[in-house]
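> Show me the folded form of this:
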Amino acid sequence: MTDSAAPSPDPEAAEALADRVRDGDLRFHELEDHADADTATAARRLLVGEQSGASLDAVGDYAFPAEQADPNIENMIGAAQIPMGVVGPVTINVEETSTSNQGAAHSGDDGGALSGEHYLPLATTEGALLASVNRGLSVVDAAGGARARVTKSGMTRAPVFSVADVVEAEALVSWVRDNEPALKEAAEETTSHGELLDVTPYVVGNSVFLRFRYDTKDAMGMNMATIATQAACDVVEGETTASLVALSGNLCTDKKPAAINAVEGRGRSVTADVTIPRKVVEDRLHTTPEAIAEINTRKNLVGSAKAGSLGFNAHVANVVAAMFLATGQDAAQVVEGSNAITTAEVQSGDLYVSVSLASLEVGTVGGGTKLPTQAEGLDIIGVRGSGDPAGANADALAEAIAVGSLAGELSLLAALGSRHLSSAHEELGR
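All right, here's what the predicted structure looks like:
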């Protein structure tokens with residue numbers, strides 16, 4: 001990135017703008033209408049610091065023009081800085097005979113979107129996390145690298161309609177099935193990139209939910225799906241007796257734990273796996289394939305089932321959250337992103353481990369990916385911007401997150417198997 005550093009606002013101009021708020025002439029959200037973004041930001045810091053007694057020097061020390069964050073935040077006072085590190089490099093989707101040290105996002109003959117050796121960026125405040133994931137990646141690399149594949153893709157939005165009764169509900173379902181091309185045409189007129197893949201109806205009494213699923217290419221696509229679905233809903237209301245109650249009826253499901261995402265997927269469904277020779281497990285992880293497989297069954301599968309959990313894993317959310325923050329993803333979608341199942345079994349004496357993330361909602365264009373720090377995080381993996389073909393970069397990012405999650409699961413399971421979990425945290429002073 002070559003973005004310029006944040007300009008230094010004129011203190012007198014910031015103070016004068018703050019005075020207008022104190023006098024009741026302006027409100028917080030109006031400041032950018034009367035000054036540049038950095039001056040408005042400085043004025044808010046003055047007012048917030050004055051009211052709260054907080055020193056906001058660190059918050060105000062950010063490295064990009066405030067106007068660059070205009071699409072991402074309101075009432076800006078500065079930036080929150082989270083330590084970022086890297087783990088790896090790790091080999092992904094490359095045969096053992098490969099000699100390349102640098103990979104790229106692509107749709108290769110092997111079916112993976114990401115190949116080669118890659119560092120993975122993680123932003124977190126949790127000590128020992130990167131050390132643990134890095135240990136897992138070193139073992140994955142010693143085994144020849146990880147495999148990863150996106151198995152399903154589609155961003156969803158599910159409006160809810162009201163009808164008179166179940167007779168009208170059935171009529172609406174039939175109409176939708178017969179007129180999906182018309183809905184597709186209306187939805188796709190709103191976007192130059194998105195494609196409506198399908199519409200699935202669900203009936204509950206006199207409520208009808210229509211779950212629209214879109215291919216949003218390299219965008220995470222939530223806004224794209226929302227705008228396109230509104231256009232389709234206008235067609236439904238114009239041609240049927242149904243009345244739109246809410247553009248989102250929570251059957252999407254966005255930013256909430258939901259079984260439908262675990263079963264049907266949302267965003268990218270992605271799996272990463274690795275087969276680790278017994279000797280590598282014993283020498284590098286100080287445990288056995290049998291011990292790791294048993295811990296995974298009793299902890300991640302049986303324990304999660306007893307708890308009624310939607311996630312059958314050890315700590316996938318750790319890696320998903322850290323990579324989301326490092327690459328500009330919607331942090332709230334960690335809820336769905338960590339909806340994952342970890343499996344482990346002994347195969348011919350060696351250890352097979354997989355992690356399947358059912359609803360990983362990621363993009364490499366739009367949203368927070370345009371911010372300088374996050375764009376550099378995407379550059380570390382080599383996936384910033386639009387892919388060729390469209391969607392390849394977002395697929396590659398999903399595969400990278402899945403491989404990082406795989407390493408995190410492997411490392412934690414091994415720490416439990418060798419009974420080193422508490423001592424590792426104690427040694428690292430966490």
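
> helix/strand/coil for residue 345?
Following DSSP: H, G, I helix; E, B strand; the rest coil, residue 345 is assigned to strand.

> in the sheet, who's paired with it?
residue 352 (DSSP bridges).

> Show the pLDDT at it.
Note on residue 345: pLDDT of 97.

> how close does it sit to residue 337?
Going from residue 345 to residue 337 by CB to CB, to the nearest Å gives 25 Å. (Glycine included, C-beta is placed from N, CA and C.)

> same question, residue 176
Where residue 337 is concerned, residue 176 sits at a distance of 29 Å (CB to CB).

> And for residue 70?
26 Å.

> and the two? which has more neighbours close in?
Neighbour totals were compared for residue 70 and residue 337, and residue 337 leads with 31 against 12 (other CB atoms under 10 Å).

> In contact with the more buried one, which residues?
267, 316, 317, 320, 324, 357, 359, 360, 361, 362, 401 (CB atoms under 8 Å, 6 or more residues apart in numbering).

> In helices only, show me those residues.
Per DSSP state H, helices hold the following members of the contacts of residue 337: 316, 317, 320, 324, 401.

> Hmm, residue 406 and the third one touching each other?
No: counting by CB atoms under 8 Å, no contact exists between residue 320 and residue 406, whose distance comes to 11.9 Å.

> Give me the more crowded residue out of these two.
A count of neighbours by other CB under 10 Å puts residue 406 above the other of residue 320 and residue 406, at 31 against 28.

> Test my guess that that one contacts residue 145.
No: applying CB under 8 Å as the test, residue 406 and residue 145 come out as separate, 11.0 Å apart.

> between the two, what contacts are shared?
Joint contacts of residue 406 and residue 145 (CB under 8 Å, 6+ apart) are residue 274.

> what about residue 87, neighbour count?
26.

> Next up, the contacts around it.
So residue 87 contacts 119, 120, 122, 130, 133, 134, 137, 404, 407 (CB under 8 Å, 6+ apart).

> elements contacting the helix or strand the third one falls within?
What that stands for is residue 122. Using DSSP states H and E, residue 122 sits in strand 116-123. Under the contact criterion of 3 or more CB pairs under 8 Å, 6 or more residues apart in numbering; DSSP states H and E, strand 116-123 touches strand 84-92, helix 129-142, helix 316-327, helix 372-381, helix 392-417.

> How far does it sit from its chain's centre?
Remark: strand 116-123 is offset 15 Å from the chain centroid, using CA atoms, centre = their mean, to the nearest Å.

> How about residue 390, nearest residue that isn't a chain neighbour?
residue 217 (4.1 Å; CB to CB, 6 or more residues apart in numbering).

> Show me the shaky parts of the protein.
1-6, 95-111, 420-430 (pLDDT under 70).

> Any idea what residue 155 is bridged to?
Beta-bridge pairing of residue 155 under DSSP bridges involves residue 214.

> Residue 217 is in contact with that one, correct?
No: applying CB under 8 Å as the test, residue 155 and residue 217 come out as separate, 10.0 Å apart.

> Any buried residues in stretch 252-270, and which?
Of the residues in stretch 252-270, 252-254, 258, 260-262, 264-270 count as buried by neighbour count, 16 or more other CB atoms under 10 Å.
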